[in-house]
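Participant: one predicted model, sequence on top.
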Amino acid sequence: MLHQCKLIRNNMQVEENQGLPIMKQSIRGLDCIKLFKIKSALFFSIMNISGRADPDCALGHLLKTLFRNDEFMDKLVNSYIMSTVEQFNLNCTAARVLLNAMPGLESAAVFQDMEAMLNHLCKWAREASEPLRSYAAGLLAFAMESQDIAAVFREENSTLVPSMLRRLHILKDLSDLTQPAVTDLSNRIILKAKTNRNKSENSNSVSNKIKKVNLAEPGPSCTVPQNGELSGLCNGEVEEVNSYNGKGKSCLQAKHPLLVKTSKGFRSTGNVICAPKGGYHIVPMSFSLSPLTLGMQQRLILQYLTPLGEYQELLPTVFESKALDLVMHYITFKGQVDLQLVFEALKYLASLLCHKKFATEFVTHNGVQRLLEVPRPSVAATGCSMCLYYLAYNEDAMERVSLLPNPVLSDLVKYALWLLECSHDSGRCHATLFFSLTCSFREVLELFDSNDGLRKLVNQLSTLSILRPDEAELLSDDEVFGSRQTAKHTCMALRRYFDAHLHIRADALRRSIARNEGGTPPVPVPAYKAASLSHSSVMENCQLMLEYAPTTLRWEPVEMMNRLQGFTLLLQLISLSSDWGVTSNRADAIRLAADVTRLALEMLFVLTVGPKAQMALCEEVQLPSGEQQKGMRLLLRCAEGSLLNDSEVQKAALHVICNCVCGPRVRISGAVAKFQSKSKPAFKSSDDILSKMWGCVRASNGIKVLLSLLMVKTPLVDADCIRALACKALCGLSRSDKIRQVIGKLQLFNSGQLQILMREPIIEDNASDHALFCKYAAELLERVTGKSLATSSAVPSLSRINKADVVAQTHISYPAKELLQLVHSHLTTQGLHETAEVLRKEANLPDPKPESNLLYTPTNRKVRFNHSSSLSTASSGVSTPGTPSLTRYRFNDPGTPTGKRLLPYDLSRPARPPSPPTLDMIVTRYLREQHAQCNNPVSAGPPFSLIRPHKCPEPKYRYYAPSNMTTRLKRREVCILLLFLALNKTILPRWRTKETLISSS
């Protein structure tokens, strides 16, 4: 094989040296077309041998030989595929070689700056004969994986996609998938025969109505098969299959009870493998591009459609071309079944399920039932896992799935759990992600628990080879990265699982409290809807469980984790994942290490609301490095950043520590009596648990770690939150008399350093975190010093801090139409009447109201005089400027009530309304507020800007050095003299000797 690879290379070198055209020069009796055919035959023979598990397989050597020879790849693309003189045979063989080699190449590198080549491929995929048309579609499939290329060829794809879907609608009705590819699709007449139970009548009726079809050979010549070869055509109509019979049995139990258990029940009959009871026949899997078969022709088209299925602009074409019916046909197991073709159809289905509308239609048309009919184990089951993941990503579609009959939902969970245990690595990955998205649905969660799902998830994590150092050394880089990704996905699923159980338990606890206290219980979440598992809701649920749940509470997920030694497993994973970022300087490896560590800590945060997980942290754990260490010490190392320098990891570790040391000493047990275990409690009281946790933190040097975190200033974004959490943990520890005595002797509390930290946050945007820090710091000061907060003048006003927090958290919103009205008024004021009128029409603004002057005319003003008072004025009524008139008022006697007060206007008319603010006034006020924040505001400054923040120029003092280098050098001597004089003027009056004259007296 390597010798034949060298033949091709030598052939090109000889042709180039001799200056001959690279078309058909013979080397050792072999021309280029024959060499390409030999190369394709080598690929065909090797690809049909499963060599993925063997790194030294022949396919690897063949691909390495090709990839290292850049000259060969350039000649293949530029001279043979993009030949100016198109030759069908040469183009076919060259395209076939490139298509065989594409799985080992990087698509973006091959098709980069190859727009001319892609135009050739689009033309061939649209107009060429078979098999070149299918080869071009297969090459375009690799090219369209790049979003940049797909964006450039948007118009070509908009015409090719409906054409490809029409071809599939024609080809899907041919039953013999091993026959040669169909070359003439324009004159194809598909007769849709109705299904009949009588096989002989069905085959006769179909064979009588089928017309002759032109079939393609690998070359330009075509042959016409006999009618007998097409006697096994499937019915073209997609039947609506009811997957459940009247007795409630699933389709897996009613139709094919043996298909889902094992593949041993299949029997071989010549060229096909027959399913039990003759349900369908599975064609042996193969990869053959020459001769191109009907199954391979459809696979190449589906490969082209798959990367384009996610684009929103092609979704109308998908519905117009009835792609849903097409996919449903491919995943319906009747007649001959090519599992690789089903796999490609499932990949295309997964890309279409990204769209909410398509996913909803798929569930409505019994698509989930069809997915459950995919046999396992098989390569198609891996494609089914992708569909389940994309289906779970759509919450609306999952709500419809949760409303399916219970047998369907039960089979779905069992299928996904089988994928989790027994499928390919890709299938396990997608099944894990499926459960991470669906655990928030209570129906799925209950079925997951009833099928022992937690044990299977924990087993997937505990059986990873990277957890055992002796096995990890034998893994390749790809295997190590894959295992780390599996650990991340499993931790993500476990975290969502515990969050969902915490939500259920906290919801029941709220109802019990509401019943006992006479309050209104929370609105229940339907079982078919997803529960809210946001970070804030999880924090609230944990706080509620810490305050109200009794120590004797029996929580089944925690009990299961304890039996499976899950706490030890999580601590080992935290220790191991922190080393991934140290051994590798790659950004993706560091990010992966931080994600796994954070997810494991977030799981412990939920689990430590109960005493068992807290007590597990006090025990020593053997780490993968062989070191024995307590779990609390490991958490403190994560909190101080010595294991992994990541702020999210630090915050997650501090949350776990706060759960352990900040719980209440006496828990309210009356409201939750029904949740308590009937067995003998393992712990005396909550105070005993807290005392043990306080001692464990102190023994692990936790006080020093937490005090150092109070002074942290980096990273800027999370420093305030880290301070608040560390102060909260210290506040919980200060309830211990011994720890409070130790803390009280520290300089931090005696020198006023903590009060200085309370003055202002590190970042103004973190006002809420700083408010929490001040709250816990004030409580800590009161406990340590024994003084009330009000007696300390160094502590800032908490009301001011709370006020700043309220202002920072306020959401500013206003009606958009009011802003448009101000813009309209501003445009009118500036004289832009036409623009203002266009804005008024488009925004549908109300007509401006004309100002009324009725309230302000002198004739409408009425003056009413008091009857008991008199007003004497000059007869003229108006005094001249030179001679001021004297007016005398006679006021009422204080003891005599008056009828009316003297008013300047009649009360029957309203006062003048204030004029609405203009846009100019609002902008001026905004800029004035910016100007007020300047350190040295000046009245005659530069013009203000609405885009850039305003800042007044800093004042240049008398001896300020100029920025120009030449000017600075010239003024240096003068400045030195002036500086000397200024120093004398300042120092001499203060420090010169003085004589004091004392009088003799």
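Facilitator: Everything's here; your move.
Participant: wait, what's in contact with residue 637?
Facilitator: Neighbouring residues of residue 637 by CB atoms under 8 Å, 6 or more residues apart in numbering: residue 643. Every C-beta, even on glycine, is put in place using the N, C-alpha and C of the backbone.
Participant: pull up the per-residue confidence for it.
Facilitator: If you check residue 637, the pLDDT there is 92.
Participant: measure it to residue 629 for me?
Facilitator: Separation of residue 637 from residue 629 (CB to CB, to the nearest Å): 9 Å.
Participant: what of residue 111?
Facilitator: Distance, residue 111 to residue 629, by CB to CB: 52 Å.
Participant: out of these two, which sits in the more crowded spot?
Facilitator: residue 111 (24 against 16; other CB atoms under 10 Å).
Participant: didn't that one look like it was pressed against residue 118?
Facilitator: Yes: using CB atoms under 8 Å, residue 111 is in contact with residue 118, at 6.4 Å.
Participant: now the common contact residues for those two.
Facilitator: Common neighbours of residue 111 and residue 118 (criterion: CB under 8 Å, 6+ apart): 143, 149.
Participant: which of the residues in stretch 465-477 are buried?
Facilitator: 466, 467, 472 (16 or more other CB atoms under 10 Å).
Participant: what of stretch 488-504?
Facilitator: Residues of stretch 488-504 classed as buried by neighbour count (16+ other CB under 10 Å): 488-503.
Participant: do stretch 140-154 as well
Facilitator: Here stretch 140-154 shows 140, 141, 142, 143, 144, 145, 146, 149, 150, 153 as buried, counting by 16+ other CB under 10 Å.
Participant: so can I have TSV of those showing pLDDT, secondary structure and distance to residue 944?
Facilitator: What follows is the buried residues of stretch 140-154, written out as TSV (pLDDT from 0 to 100; DSSP: H, G, I helix; E, B strand; the rest coil; distance: CB to CB, whole Å):
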residue	pLDDT	secondary structure	distance to residue 944
140	91	helix	56
141	92	helix	57
142	91	helix	55
143	89	helix	52
144	92	coil	51
145	90	coil	50
146	88	coil	47
149	90	helix	47
150	90	helix	46
153	91	coil	48
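Participant: could you export these as CSV, including distance to residue 390?
Facilitator: Below are those laid out as CSV (distance: CB to CB, whole Å):
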residue, distance to residue 390
140, 23
141, 19
142, 21
143, 23
144, 18
145, 17
146, 21
149, 23
150, 19
153, 24
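Participant: and the residue nearest to residue 403 when sequence neighbours are not counted, what does it touch?
Facilitator: Using CB to CB, 6 or more residues apart in numbering and skipping the chain neighbours, the partner closest in space to residue 403 is residue 528 (5.2 Å). Taking CB under 8 Å, 6+ apart as the criterion, residue 528 is in contact with 399, 402, 403, 441, 443.
Participant: the second one is in contact with residue 446, isn't it?
Facilitator: Read it as residue 402. No: here residue 402 does not reach residue 446: they are 10.9 Å apart, not a contact under CB under 8 Å.
Participant: rewinding a little: who wins for neighbours among the contacts of residue 528?
Facilitator: Using other CB under 10 Å as the neighbour test, these are led by residue 441, with 26 neighbours.
Participant: sec struct for residue 930, please.
Facilitator: On the three-state scheme (DSSP: H, G, I helix; E, B strand; the rest coil), residue 930 is labelled helix.
Participant: my guess is it contacts residue 948. True?
Facilitator: No: counting by CB under 8 Å, residue 930 stays clear of residue 948, with 10.4 Å between them.
Participant: shaky segments in the stretch 251-400 of the chain?
Facilitator: Low-confidence segments of the stretch 251-400 of the chain (pLDDT under 70): 251-279, 285.
Participant: all helices for it, in order.
Facilitator: All helices of the stretch 251-400 of the chain, identified by DSSP state H, counting those that start in this stretch, fall at 251-254, 294-305, 315-320, 323-330, 339-352, 356-364, 367-372, 379-392, 395-402.
Participant: as JSON lines, those helices with distance to residue 546 would be great.
Facilitator: What follows is the helices of the stretch 251-400 of the chain, written out as JSON lines (distance: least, CB to CB, whole Å):
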{"stretch": "helix 251-254", "distance to residue 546": "45"}
{"stretch": "helix 294-305", "distance to residue 546": "53"}
{"stretch": "helix 315-320", "distance to residue 546": "48"}
{"stretch": "helix 323-330", "distance to residue 546": "49"}
{"stretch": "helix 339-352", "distance to residue 546": "42"}
{"stretch": "helix 356-364", "distance to residue 546": "38"}
{"stretch": "helix 367-372", "distance to residue 546": "40"}
{"stretch": "helix 379-392", "distance to residue 546": "31"}
{"stretch": "helix 395-402", "distance to residue 546": "30"}
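Participant: which residues of this structure fall in strands?
Facilitator: Here the chain has its strands, by DSSP state E, at 215-216, 222-223, 267-269, 272-274, 280-282, 335-337, 620-622, 628-630, 871-872, 888-889.
Participant: so what secondary structure elements neighbour the fifth one?
Facilitator: Counting by 3 or more CB pairs under 8 Å, 6 or more residues apart in numbering; DSSP states H and E, the packing neighbours recorded for strand 280-282 are strand 272-274, strand 335-337.
Participant: buried ones in that strand?
Facilitator: Buried-residue list, strand 280-282, by 16+ other CB under 10 Å: 280, 281, 282.
Participant: got the confidence number for the residue nearest to residue 506 when sequence neighbours are not counted?
Facilitator: Leaving aside its chain neighbours, residue 506 sits nearest to residue 541 (3.8 Å; criterion: CB to CB, 6+ apart). Model confidence at residue 541, given as pLDDT, is 92.
Participant: for residue 541, what are its contacts?
Facilitator: 502, 503, 505, 506.
Participant: measure it to residue 453 for me?
Facilitator: From residue 541 across to residue 453, the span is 21 Å (CB to CB).
Participant: circling back to that earlier point, next, format the buried residues of strand 280-282 as TSV and append distance to residue 618.
Facilitator: Output for the buried residues of strand 280-282, formatted as TSV (distance: CB to CB, whole Å):
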residue	distance to residue 618
280	59
281	62
282	56
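Participant: other SSEs contacting the longest helix along the chain?
Facilitator: Ranked by residue count, the top helix of the chain under DSSP state H comes out as helix 477-517. Packing partners of helix 477-517 (3+ CB pairs under 8 Å, 6+ apart): helix 425-438, helix 442-450, helix 453-462, helix 535-548, helix 556-563, helix 566-583, helix 587-607.
Participant: where in the stretch 551-700 of the chain is pLDDT low?
Facilitator: In the stretch 551-700 of the chain, residues with pLDDT under 70: 551-552, 581-584, 667-685.
Participant: residue 382 against residue 429, yeah?
Facilitator: No: the criterion here is CB under 8 Å, and residue 382 misses it with residue 429 at 9.8 Å.
Participant: which residues does residue 182 bridge with?
Facilitator: Residue 182 has these beta-bridge partners by DSSP bridges: residue 215.
Participant: thought it was touching residue 297?
Facilitator: Yes: taking contacts as CB under 8 Å, residue 182 lies within contact range of residue 297: 7.1 Å.
Participant: who has more neighbours, the two?
Facilitator: With neighbours defined as other CB under 10 Å, residue 182 and residue 297 compare such that residue 297 has more, 28 against 21.
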